[in-house]
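Undergrad: Need coordinates for the below:
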Amino acid sequence: MKTWPLQSLTMEQAQCKQFQLVDVICRHFPGSDFLNGGDLGLVPGLNQPQMTRRVEAVLADFFGAPAAAFVQGAGTGAIRSGLAAMLNAGESLLIHDAPLYPTTAVIAEQMGLRLILADFNQLEEVKKAIELHQPKAALIQHTRQKLDDSYELNRVIACFNQYGLPSLTDDNYAVMKVDNIGCECGSTLSTFSCFKLFGPPGIGVVVGEEKVVSAVRQSMYSGGSQVQGFQAMEALRGLVFAPVMHAVQSQVNNSLVEALNSGHIPQVKHAFIANAQSKVLLVEFHQPIAEKVLYSAQKLGALPYPVGAESKYEIPPLFYRVSGTFRQTDPTLEQRMIRINPNRSGMQTVLRILQESCQGL
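TA: Below you'll find the model as predicted:
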């Protein structure tokens, strides 16, 4: 089975990404300022905590964007607030012709958006859809929605920009794992969850054009909508550790693919890497034993379900069913394939749990 996973950062590139972020932090936080836990409340003139605004400036600087804003609701909240700032209810949105991520589908339904489908793997089809339907904005998911997705983010965004079409990139599961995110490739907005980057639960980020980010801020006027200073600082600290931790995880995945495809476990037919939606190891079995393997794996120490999908709480490896969007594409995958995310574990731990879970099957 051929897949086109995103190109992960090497360990050296990941270290450079970490060092770059720390350098930006040093420029924004002189002396002992970074040791501050963060303030609370609606500071006059800002209508948000001062520390939150300072961390937002760090993120904007780091991603080379005019502005950034924290939002409540994690990645889903970031996408929701971003789309609401770019579109009015009932307007048209161009999306990839693939199963839409469930929470994103709910947002589109709530806003009454008219969805225009085009295969982002075929740029000529994207151009025809824009010319024919003249959508008001486009949404592109950085990671894969189907196993055979192969589109290059920067090329698709360049196509949008050719027509002056505003775009929002769902960068969840890609930030700090790849070289550039959507806004760095020319997208109007990038949106992502800090929870997937070792940050606090429920905090998302919108980063991109000043006008649109300002509209997001205006929609969060009330005190209860604010991300407090201590939450912003926690998100920033998590972001520092994310690139190297994810690079280690990528190395483990690559080692697992080599071991499993060399016949290390007889029940395994094939193993490969895919973005589903996080970059994970997909393991296909000769027989439909996926459900039994998952049942046994959790007894051996594997996590049976995600928390935030790569959150700071997920240390043992995750053994889980393939993603919902992949199951929609091919329902038979559920019985013959599982996904494994090593999280912070090493190759030997994953192989031990998988081998013992397959015994006798």
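
Undergrad: Let me see the domain layout of this protein.
TA: Domain assignment for the chain, taken from automatic domain parsing, gives 11-241, 243-354.

Undergrad: how long is the shortest one from one end to the other?
TA: Across its full length, domain 243-354 reaches 27 Å between end residues, using C-alpha to C-alpha, to the nearest Å.

Undergrad: Tell me how many other residues crowd Gln110.
TA: Residues lying near Gln110 (other C-beta atoms under 10 Å) number 12. The way it works is simple: take the backbone N, C-alpha and C, and place the C-beta from them, glycine included.

Undergrad: and if you look at Asp61?
TA: Using other C-beta under 10 Å, Asp61 is surrounded by 16 other residues.

Undergrad: thought it was touching Asp23?
TA: No: using C-beta atoms under 8 Å, Asp61 makes no contact with Asp23, being 9.9 Å away.

Undergrad: Pro135 sits in which helix or strand?
TA: Pro135 is part of no helix or strand, with elements assigned from DSSP states H and E.

Undergrad: give the contact list for it.
TA: Pro135 makes contact with Ser92, Leu93, Leu94, Ile116, Ala129, Leu165 under the criterion C-beta atoms under 8 Å, 6 or more residues apart in numbering.

Undergrad: hang on, the earlier thing: and the domains of the chain: which comes nearest Pro5?
TA: With C-beta to C-beta, the closest approach to Pro5 among these belongs to domain 243-354: 4.8 Å.

Undergrad: The closest one - what's its average pLDDT?
TA: When pLDDT is averaged over domain 243-354, the result is 93.

Undergrad: Contact partners for Gln328?
TA: Gln328 neighbours (C-beta under 8 Å, 6+ apart): Pro99.

Undergrad: Mind checking what secondary structure it has?
TA: helix (DSSP: H, G, I helix; E, B strand; the rest coil).

Undergrad: In this protein, which helix is the longest?
TA: For the chain, the helix that runs over the most residues, judged by DSSP state H, is helix 229-261.

Undergrad: Counting by contacts, list what that helix packs against.
TA: Packed against helix 229-261 by the contact rule (3 or more C-beta pairs under 8 Å, 6 or more residues apart in numbering; DSSP states H and E) you find helix 11-28, helix 50-62, strand 67-72, strand 203-208, strand 268-275, strand 279-285, helix 347-358.

Undergrad: Surely Gly204 touches Gly82?
TA: No: applying C-beta under 8 Å as the test, Gly204 and Gly82 come out as separate, 9.2 Å apart.

Undergrad: Now do the shared contacts for the two.
TA: In contact with both Gly204 and Gly82: Thr191, using C-beta under 8 Å, 6+ apart.

Undergrad: Can you give me every residue that contacts the residue nearest to the spatial centre of the chain?
TA: What sits nearest the mean C-alpha location of the chain, by C-alpha atoms, centre = their mean, is Asn172, with 1.5 Å. By C-beta under 8 Å, 6+ apart, Asn172 lies in contact with Gly75, His142, Thr143, Thr191, Phe192, Ser193, Lys196, Gln277.

Undergrad: Out of the residues you listed, which is nearest to Lys17?
TA: Looking across the contacts of Asn172 and measuring by C-beta to C-beta, the closest to Lys17 is Phe192, at 14.6 Å.

Undergrad: Burial check on that closest one, number of neighbours?
TA: If we define neighbours as other C-beta under 10 Å, then Phe192 has 26 of them.

Undergrad: what do you get for Ala215?
TA: Ala215 sits with 17 neighbouring residues when counted by other C-beta under 10 Å.

Undergrad: same deal with Pro342?
TA: So Pro342, with other C-beta under 10 Å, has 22 neighbours.

Undergrad: That one against His246, yeah?
TA: No: Pro342 is not in contact with His246 according to C-beta under 8 Å; the separation is 10.7 Å.

Undergrad: Strands along the stretch 101-250 of the chain, start to end?
TA: 114-118, 137-141, 167-170, 189-193, 203-208 (DSSP state E, counting those that start in this stretch).

Undergrad: Mind giving me the packing neighbours of the longest one?
TA: It refers to strand 203-208. helix 50-62, strand 67-72, helix 74-86, strand 189-193, helix 210-218, helix 229-261.

Undergrad: follow-up on the earlier one: how about the domains of the chain in a markdown table, adding distance to Trp4?
TA: Formatted as a markdown table, those follow (distance: least, C-beta to C-beta, whole Å):
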| stretch | distance to Trp4 |
| --- | --- |
| domain 11-241 | 4 |
| domain 243-354 | 8 |
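
Undergrad: and of the ones you listed, who's closest to Gly360?
TA: domain 243-354 (9.4 Å).

Undergrad: Output the strands of the stretch 101-250 of the chain in CSV; the columns should cover mean pLDDT and distance to Leu6.
TA: Conversion of the strands of the stretch 101-250 of the chain to CSV gives the following (pLDDT from 0 to 100; distance: least, C-beta to C-beta, whole Å):
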stretch, mean pLDDT, distance to Leu6
strand 114-118, 98, 21
strand 137-141, 98, 11
strand 167-170, 98, 13
strand 189-193, 98, 14
strand 203-208, 98, 19
